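# Next input, structure requested:
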Amino acid sequence: MSHRKMMLGLTLSAAVGFGAAYIPARVHAQAAKPAAALAPAAPTNCKLHGKKCCDPAITAHFPKDAVFKACGQSDATYLGEDGKEKDTCKYVFKIAGEKEDDTYVQVYAPTQKEVLPAPNDPFFSYKKVGKAYMADKAKSPKSAPMLAAQTGLYMPGKGYSVTVTASTKVCTKEQAKKLSSSMK
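Coordinates of the predicted model:
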């Protein structure tokens, strides 16, 4: 008889333990569903050049109008935005005689626990330009062609950093300096 009581006690203990672990998780999951339904929908009013519009939180750090103003681009040359990658927005432009893959300005603004006060890049040295840093020199001959094809900008923030990569076919190096003042 004591063996039966022990088995019954173990079975009941297991059932109570399972219920204590499973039921709160189910209640929490059901409570989270309405909050997820209230989340803002992805923007659909963008000029799309990819599968997905950019996240407004990313474009707030660097709007496309900044490229229009600093680089002499316009709606006529603007092909659209591509927000397929997390924390990234790519503005694509049409430049005569150039591939679309090479005519872009890309913004990367990830949230971070620890933000570097200045870029720590093994391939390029940077110089301060206003509140941001701009790629200045290649540290090796292999990096030089990359620096000739694009300009890199970096700006630290509180809990995030903003990196802008501008094709030199869209913005010259001098125009890219003006872009640094538009980073937020």
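# how about the helices in this protein?
Secondary structure of the chain (DSSP state H): helices at 2-37, 56-59, 64-71, 144-149, 173-179.
# where in this protein is pLDDT low?
Per-residue confidence for the chain (pLDDT under 70) gives these ranges: 1-44.
# Please repeat the previous calculation with a cut-off of 90.
Along the chain, segments meeting pLDDT under 90 span 1-45, 50-51.
# and it, what are its domains?
Per the record, the chain has its domains at 1-39, 56-182, by automatic domain parsing.
# Which one, of those, ends up nearest to residue 46?
Residue 46 sits nearest to domain 56-182 of all those, at 5.4 Å, using C-beta to C-beta. Every C-beta, even on glycine, is put in place using the N, C-alpha and C of the backbone.
# so residue 105 touches residue 164, yeah?
Yes. Using C-beta atoms under 8 Å, residue 105 is in contact with residue 164, at 6.6 Å.
# Give the residues shared as contacts by the two.
Taking C-beta atoms under 8 Å, 6 or more residues apart in numbering as the contact rule, residue 105 and residue 164 both touch residue 179.
# burial of residue 69, as a residue count?
15 (other C-beta atoms under 10 Å).
# Repeat that for residue 142.
Counted with other C-beta under 10 Å, residue 142 comes out at 9.
# any idea how far it lies from residue 168?
Separation of residue 142 from residue 168 (C-beta to C-beta, to the nearest Å) stands at 18 Å.
# again, but for residue 48
Distance, residue 48 to residue 168, using C-beta to C-beta: 25 Å.
# again, but for residue 140
Counting by C-beta to C-beta - residue 140 and residue 168 are separated by 19 Å.
# Please say which of those two ends up with more neighbours.
More crowded of residue 140 and residue 168, by other C-beta under 10 Å: residue 168, with 16 against 9.
# Can you tell me how far the more buried one is from residue 58?
From residue 168 across to residue 58, the span is 22 Å (C-beta to C-beta).
# Over to residue 157?
Distance from residue 157 to residue 58, counting by C-beta to C-beta: 13 Å.
# More neighbours: which of these two?
residue 58 (21 against 15).
# Now do the same contact list for that one.
The contact partners of residue 58, by C-beta under 8 Å, 6+ apart, come to 83, 87, 88, 89, 107, 109.
# So what's the residue count around the nearest residue to it once chain neighbours are set aside?
Computed as C-beta to C-beta, 6 or more residues apart in numbering, the closest residue to residue 58 that is not its neighbour in sequence is residue 89, at 4.6 Å. By other C-beta under 10 Å, 26 other residues sit near residue 89.
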